[in-house]
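Asks: The amino acid sequence is not available; the structure is as follows:
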């Protein structure tokens, strides 16, 4: 069992930056693929980024590529999402998720554990 707790959300102006953190409990964190998703009001939850257990393989949605960076510190059981050049359309609740089978997926159903989410609001 893995428990995930996100933090770091907030209100930022267009062009600003935020760093989200996701702290995981459970000794098997190092073996899981980790992902970030987001959900805007009235929209479905969508994939943002994912990272393999070793941290050397990452993948991003086209909408955030070049602006967001996902990285992890397995010693701290934490995965991060550095968000730069933020836009109003990035406004959403951001969720951290863990895939215990490392399925290299962008689909929500491939992730077994989810955090409670953290709100990111980008003002224009």
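Replies: Noted; the coordinates are in hand. Note that the coordinates shown come from a computational prediction; the quantities given were computed from them, not determined experimentally.

Asks: Please, where are all the strands along the chain?
Replies: 3-7, 10-13, 18-25, 33-39, 46-51, 58-60, 68-73, 78-83, 92-99, 113-114, 118-123 (DSSP state E).

Asks: what's the angle from the fourth one to strand 3-7?
Replies: Here the directions of strand 33-39 and strand 3-7 differ by 50 degrees (axes from the mean of the first three to the mean of the last three C-alpha atoms, to 10 degrees).

Asks: Contact partners for residue 28?
Replies: The contact partners of residue 28, by C-beta atoms under 8 Å, 6 or more residues apart in numbering, come to 2, 100. C-beta coordinates here come from the backbone N, C-alpha and C atoms, glycine included.

Asks: related to what we said a few turns ago, out of the strands of the chain, nearest to residue 107?
Replies: Comparing those by their distance to residue 107 (C-beta to C-beta), the top pick is strand 46-51, with 7.5 Å.

Asks: List the buried residues for that closest one?
Replies: Going by neighbour count (16 or more other C-beta atoms under 10 Å), the buried part of strand 46-51 is 47-51.

Asks: Adjacent strands (with direction) for that strand?
Replies: strand 33-39 (antiparallel), strand 58-60 (antiparallel) (DSSP bridges).

Asks: Can you pull out the residues in contact with the last one?
Replies: Strand 58-60 is contacted from outside by 48-52, 68-71, 104, 106, using C-beta under 8 Å, 6+ apart.

Asks: Work out the gap between that strand and the centre of the chain.
Replies: 11 Å (C-alpha atoms, centre = their mean, to the nearest Å).

Asks: what's across from residue 3 in the sheet?
Replies: Those that pair with residue 3 in a beta bridge, by DSSP bridges, are residue 25.

Asks: tell me the pLDDT at the residue nearest to the spatial centre of the chain?
Replies: By C-alpha atoms, centre = their mean, the chain has its centre lying nearest to residue 36, at 2.2 Å. Note on residue 36: pLDDT of 98.
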